[in-house]
Structure formats: C-alpha cells, structure tokens
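J.: model this:
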Amino acid sequence: MDFGLSQDQVLLKDTIRRFLDAECPTTRVRSVMEGPTGHDPALWQGLVGLGVTGLAVPAEHGGAGLGLLDLALAAEELGYAATPGPFLANAIAAIAIAEGGSDAQRARWLPRLADGSAIGTFALGEADGAWDPAAVQAQVKGGRLSGKKALVPDGSTADVLVVVARDEKGPGLFLAERAAAGVTTGDYTGVDMTRRLSHVAFENTPVEAMPGGLPTAGRARDAALVLLAADAYGGCRRMLDMTTTYSKQREQFGQMIGAFQAVKHQVANLACELEPSLSLWWYAAHAFDAIRDQSERHAALAKAHMTDVYDRFARDTTELHGGIGFTWEYDLQLWFRRAIYDRSAFGDAAYHRERAAKLAGW
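T.: Residues are numbered from 1 along each chain as shown. All right, here's what the predicted structure looks like:
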C-alpha cells in the first residue's frame, strides 16, 4: 500500500509553493502584516484563483470537493511562506457550513467562500479561554444572539461568522453576518501579525440556527487543530531551511559555523525530530475524513505535538542564528511569532493531551 501523496496532491503543493515564492516574499508579508487589516485582497484573490479557498467545498457548491488532507497540504505551504490573511478562518467556516449547514445555508454561503466574494470565520473561544464547544455561554433567545467571543480568527475581516452558542436546546451552531445589527468587532494586538485575532460582541443579533449543532462544532474545532498542525510543520521546515543555509554562510574563527560539531548536531536533531511528525498530521487529516470515530483524538494529538515541536524549533533555530536571530530586521522572527499563535490557538498542547488521554479512556 502506498502511504505517500498522490500526483495531484504533489502538484497542488508545488503550485501553491511556486505562487507564494513569486507573489508572497517576506517583503510582501511584512507590508501586509504592518497594514491596518492584515489582509491583502489581491493576494487573497490569487489564492482564490488557485482554488485554495474551495478545496474542501463540495463540487456542487463551486469547490473541488476534496478532503481535509488536501486542505492541510495547502496550510503547510502557506505556513512555509508565513502567508498573511484569513485562510484558517475561512477554511474552518467552510467546513462547518458544508457539514452542518442547511441546504439553504450551504447554497448561499459555500459558493461565496469558494470564489472569494465572502470570507468566513469560526467563533468558538470565550473570555475565560475555554475551547470546549459544550461549555460556551453566549446565548440565543428567540433567534437573537447576545454574548462575547474572544480570539476569533480574522473576526473583523469576515463577512459571516459560524458561532458556537447555546439556546434552549443546549449548545449549537449559529450563522451570523458581521454586518447585522448588534455586532461589534475589534482586533487584539497579537504577537503574530500575519493572522489577526478579534474580539466580537453580539447584542440581540439576528442569527440562523445550523442543523449540525454541537457535533459539527466539534468537527470544525478538530479541522482547525489539524490545519494548525500542518501550518506548524510548514513553519518548522522553513526555519530548518533558513538555519541550514545560514550555517553554510556564516563564518566564525575562519570557517563556516556549519562545520562545528555542536551546530551539526543541533541541526541534525531538529531534522530528526521534524521528519517523523509528518505522518502524525497526515493521519489526523485522513482520520477526519475516513475514520471519524478516531478523528477527534488524532486531531488533538497532532495539534499538541506539532505546536510543541514548532515552539522548540523557534527557540533553537533563533539561537543557532546568534544575535541576528532575535532582530526585527531578520525574517526568522516571522515564524517565531507564528509558532506562538499556533501553540495557543484553540487550546494549548497540555489541554489537548489531556483531551486525547480522556478520549483514549486513560
């Protein structure tokens, strides 16, 4: 049995990589992230043109109808380039609506999320930092939502928000438009400037219930965990590539630092730690589509492990770059900041390891 990628998947990765190499160098990353919104409509439309935004959207709604692994492969390449913008937010919203929306909701929003005419996001977190869909406190009464959501990916950019809230039936999913009455948004001043996080308040905002309810909220959360793991893997690869190149160029005591045994061992250790982790998030993405009874646990494990690895890579590669690694002018800090975002978004590693243990019956 072949456990590698298909030719189409390899082509997808190569196509995205070539596009980002040409259209999203770090000079553009810096320009976008230092802007007021952190969103570049022209760059976003380029990704739309490649079909990235429609990868997991069903074919009948204008997408490619592919699985989470294909979407995660795109996330890996976007992570490698530190691509700014609402990819994560839009991808989670599309999955939630595709799996848990009504026919009318899917028909209205999925084509727009795929063709770039609208951007979506997923509002799960609340002020206490809890990421459990069953524990949310935002309330829906009479079709109107009141409450606050914290750490919402690109909440100020999104046109439609998939909100986890509770009504008289308990926790569920609801669709809210950002332009609707009673919605106010603002952005946090975050460490990772390439992906914005927002706080969103709702006051008697009209919403539509989504038939998928709480199970779909959990599925959307799991998809987010896998995509963050893939982003972390891509970021680790970029940091390792940068460090390998630097060690072959930087001279000290009359020779390249890559010739020193201590540097060789550190770089080799990083490579040995990264490569086996690839199969972890590949399998988590596969389980999301094909082994649903195991997917929740594998998503938690992939997110916990990969973001821990990303955190270590950020520290070790920065140290291997010496003093320059800590500077704003040097590009390594872009991935250091993304590592901090990936580590904390949708719950940290300790939280998800505890979840994985409970799901395994330990």
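J.: same question for the helix or strand where Pro171 lies, mean pLDDT?
T.: Per DSSP states H and E: Pro171 is located in strand 170-177. The pLDDT scores in strand 170-177 average 96.
J.: name the helices or strands packed onto the next helix or strand after that strand?
T.: Where DSSP H and E defines the elements, the next helix or strand beyond strand 170-177 is strand 183-187. On a contact count with 3 or more CB pairs under 8 Å, 6 or more residues apart in numbering; DSSP states H and E, strand 183-187 meets strand 197-206. (Glycine included, C-beta is placed from N, CA and C.)
J.: Show me what the strand it packs on pairs with in its sheet, parallel or antiparallel.
T.: Sheet pairing of strand 197-206 (DSSP bridges) gives strand 144-153 (antiparallel), strand 183-187 (antiparallel).
J.: Show me the beta-bridge partners of Gly147.
T.: Under the criterion used (DSSP bridges), Gly147 bridges to Phe202.
J.: Ala127 is in contact with that one, correct?
T.: No: the pair Gly147 / Ala127 is not scored as a contact, 9.7 Å apart, by CB atoms under 8 Å.
J.: The two: which is more packed in?
T.: Using other CB atoms under 10 Å as the criterion, Gly147 and Ala127 rank with Gly147 on top: 20 against 12.
J.: quick one: pLDDT of that one?
T.: Gly147 carries a pLDDT value of 96.
J.: contacting residues for it?
T.: Applying CB atoms under 8 Å, 6 or more residues apart in numbering to Gly147 gives the contacts 126, 137-139, 165, 201-202.
J.: can we see that at 6 Å?
T.: Applying CB atoms under 6 Å, 6 or more residues apart in numbering, we find Gly147 in contact with 138-139, 202.
J.: in which helix or strand would I find Arg17?
T.: helix 7-23.
J.: quick one: the helix or strand Leu78 falls within to chain centroid distance?
T.: Taking DSSP H and E as the criterion, Leu78 maps to helix 68-80. Its chain's C-alpha centre and that of helix 68-80 lie 9 Å apart, by CA atoms, centre = their mean, to the nearest Å.
J.: ok, and for that helix, which residues are buried?
T.: The neighbour-count check on helix 68-80 (16 or more other CB atoms under 10 Å) flags 68-80 as buried.
J.: and the helix holding Arg17, how far out from the chain's middle?
T.: Distance of helix 7-23 from its chain centroid, counting by CA atoms, centre = their mean, is 18 Å.
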